[in-house]
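>>> Sequence plus the predicted model coming up.
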Amino acid sequence: MSTELPVLKAKDFESDQDVRWCPGCGDYSILAQMKKVLADIGAKQESTVFVSGIGCSSRFPYYMNTYGMHSIHGRAPAFATGLKSTRPELDVWVITGDGDALSIGGNHLMHVIRRNLDINIVLFNNSIYGLTKGQYSPTSKIGKVTKSTPRGSIDHPLNPLSIALAAEGTFVARSVDSHIKHLVATLKRASEHKGTSFVEVYQNCNVFNDGIWEYAKSKKTKDETTVVLEHGKPLVFANGKKGIRLNGFEPEVVELDGNVSVDDLLFHDEKSTQPHLANVLARMRHPEFPEPIGVFRAVERQTYDEGINQQVVDAREEQGDGDLAKLFASGDTWTV
Ligand SMILES: Cc1ncc(C[n+]2csc(CCOP(=O)(O)OP(=O)(O)O)c2C)c(N)n1
Ligand code: SF4
């Protein structure tokens with residue numbers, strides 16, 4: 001009898017739950033690409049866990065035939081930290097929305113990234129609260145009219161990638177729900193990274209915020225409005241007609257018309273030890289600039305799970321196995 005396990009296909013990662021997203025929602029594409037990625041990387045159902053918070057996007061774990069946890073609003077990073085620290089052999093994915101990750105969960109997101117826990121975070125950015133029916137979110141633009149901002153939002157929006165970089169993120173990337181090949185490649189890279197990988201995905205909420213990423217999604221406009229990042233390559237877009245050059249610390253769009261050549265452009269270095277250039281890229285926003293798509297930063301640093309488990313090993317070597325009952329009854333104890 002063969003002891004070889006069957007090779008899993010994308011379909012094997014589909015759960016038996018009815019998907020309850022609105023027809024046409026960008027979440028469907030991200031779900032489909034994730035299943036492909038798991039099949040391609042040879043993921044195992046029994047050692048893969050999806051942890052989410054609350055929101056439409058956070059229903060994701062129900063739809064994967066893996067382990068999963070639909071946790072508390074904004075707290076997926078906390079659950080993932082406990083899980084990965086104690087079961088470092090598991091592949092842990094955090095699925096979150098712009099509201100879940102950056103409003104109620106902002107604090108948790110920042111700390112999981114700075115700790116560099118070896119997990120993958122995918123932030124579905126639809127720039128709105130979808131589940132609660134269309135209130136503005138921390139990524140909504142100034143002036144955005146919603147049910148909770150009837151006269152337009154006066155809040156300055158957060159940029160998810162700038163937050164990840166400020167927290168010293170070791171893998172920071174962006175993709176788009178409908179750019180299937182790019183999304184698959186980006187999620188694969190995220191899965192390979194040792195440390196926290198943070199991927200922002202532009203996701204269309206066709207019910208409450210339809211079309212906000214249309215400039216970056218549409219085949220007609222995306223060559224002009226996005227620039228695909230490739231390590232070691234110059235930032236060229238608009239079918240090779242334009243590029244991004246640095247003028248001091250400021251990026252500028254230049255025409256590659258003979259006066260300016262490809263050699264004058266900014267060359268992408270995702271491995272730079274300093275996050276400055278990645279930050280410059282993260283701050284390039286439409287319509288002033290083409291928005292970078294791809295891996296902004298990919299560097300190595302010790303992971304939290306590695307560090308904490310090494311401390312346990314070291315403590316055991318020095319002090320031997322502990323005795324919990326003894327510990328409870330030791331030190332400062334008192335009777336109430
Ligand atoms: C403690 C708590 N506060 C507020 C809510 C209401 N609530 C549910 S989902 C959500 C935001 C969801 O937005 P986002 O994370 O962008 O996800 P989406 O639904 O757009 O995918 C809010 C505010 C809640 N469920 N729990
Ligand atoms: S409300 Fe928006 S984000 Fe939520 S399922 Fe519907 S289309 Fe998707």
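Good, I have the coordinates. Ligands and ions are numbered 1, 2, ... in the order given.
>>> Could you find the closest non-adjacent residue to Phe13?
Lys35 (4.2 Å; CB to CB, 6 or more residues apart in numbering). Glycine gets a C-beta too; all of them are placed from N, C-alpha and C.
>>> Backbone dihedrals for that neighbour, please?
The phi/psi pair for Lys35 (degrees, to the nearest 10) reads phi -60, psi -40.
>>> quick one: it and ligand 2, what's the gap?
According to CB to the nearest ligand atom, to the nearest Å, Lys35 and ligand 2 sit 18 Å apart.
>>> How many neighbouring residues does that residue have?
If you count neighbours by other CB atoms under 10 Å, Lys35 ends up with 21.
>>> pretty sure it contacts Lys11?
Yes - applying CB atoms under 8 Å, one finds Lys35 in contact with Lys11, separated by 7.4 Å.
>>> re earlier: quick one: residues contacting the residue nearest to Phe13.
Residues near Lys35 by CB atoms under 8 Å, 6 or more residues apart in numbering: 10-11, 13-14, 64.
>>> Tell me the buried residues in stretch 120-133?
For stretch 120-133, a neighbour-count test (16 or more other CB atoms under 10 Å) marks 120-131 as buried.
>>> Let me have the contacts of Lys35 in TSV, adding distance to Asp98 as columns.
Listed next are those as TSV, based on distance: CB to CB, whole Å:
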residue	distance to Asp98
Ala10	27
Lys11	30
Phe13	25
Glu14	26
Met64	21
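>>> So among these, which ones count as buried?
By neighbour count, with 16+ other CB under 10 Å, the contacts of Lys35 hold 13, 64 as buried.
>>> Generate CSV for the contacts of Lys35, with distance to ligand 1, secondary structure and pLDDT as supplementary columns.
As requested, those are exported to CSV (distance: CB to the nearest ligand atom, whole Å; DSSP: H, G, I helix; E, B strand; the rest coil; pLDDT from 0 to 100):
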residue, distance to ligand 1, secondary structure, pLDDT
Ala10, 22, helix, 98
Lys11, 25, helix, 98
Phe13, 20, helix, 98
Glu14, 20, strand, 98
Met64, 16, strand, 98
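>>> hmm, which two among the contacts of Lys35 are most spread apart?
Spatially, the most separated pair among those is Lys11 and Met64, at 12.0 Å (CB to CB).
>>> and this structure, which residues reach ligand 2?
By CB under 6 Å from any ligand atom, the part of the chain that sits against ligand 2 consists of 21-22, 25, 27, 56, 126, 130-131, 205-208.
>>> change it to 5 Å
Residues of the chain lying near ligand 2 by CB under 5 Å from any ligand atom: 21-22, 25, 56, 130, 205, 207.
>>> and those near ligand 1, which?
Applying CB under 5 Å from any ligand atom to the residues of the chain next to ligand 2, one finds that 56, 130 fall near ligand 1.
>>> Select only the buried ones of the residues of the chain next to ligand 2 in PyMOL?
Typed into PyMOL, the line below selects the buried ones among the residues of the chain next to ligand 2, using 16+ other CB under 10 Å:
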select buried, resi 21+25+56+130+205+207
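>>> Please convert the residues of the chain next to ligand 2 to TSV, extending it with pLDDT and secondary structure.
What follows is those, written out as TSV (pLDDT from 0 to 100; DSSP: H, G, I helix; E, B strand; the rest coil):
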residue	pLDDT	secondary structure
Trp21	98	coil
Cys22	98	coil
Cys25	98	coil
Cys56	98	coil
Gly130	98	coil
Cys205	98	coil
Val207	98	coil
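>>> List the residues that contact Leu183.
Going by CB under 8 Å, 6+ apart, Leu183 touches 29-30, 33, 175-177, 201.
>>> Report the mean confidence score over stretch 256-264.
For stretch 256-264, mean pLDDT rounds to 94.
>>> Relative to the whole chain's centre, how far out is it?
Centroid displacement of stretch 256-264 relative to its chain, using CA atoms, centre = their mean, to the nearest Å, is 34 Å.
>>> Please apply the same query to stretch 253-261.
34 Å.
>>> Show me what it is in contact with.
Residues outside stretch 253-261 that contact it (CB under 8 Å, 6+ apart) are 236, 240-245, 262, 264-265, 289-290.
>>> quick one: the helices in this protein?
27-40, 76-86, 98-99, 106-115, 160-166, 180-192, 214-217, 222-225, 276-282, 304-319, 324-328 (DSSP state H).
>>> Which one of those helices lies nearest to Tyr136?
Closest to Tyr136 of the helices of the chain, according to CB to CB: helix 98-99, at 9.3 Å.
>>> So what touches that closest one?
Under the criterion CB under 8 Å, 6+ apart, residues 55, 123-129, 137-139, 160 lie in contact with helix 98-99.
>>> Mark which of those are part of strands, please.
123-125, 128-129 (DSSP state E).
>>> gap between stretch 184-191 and the chain center?
The answer for stretch 184-191 is 10 Å, by CA atoms, centre = their mean.
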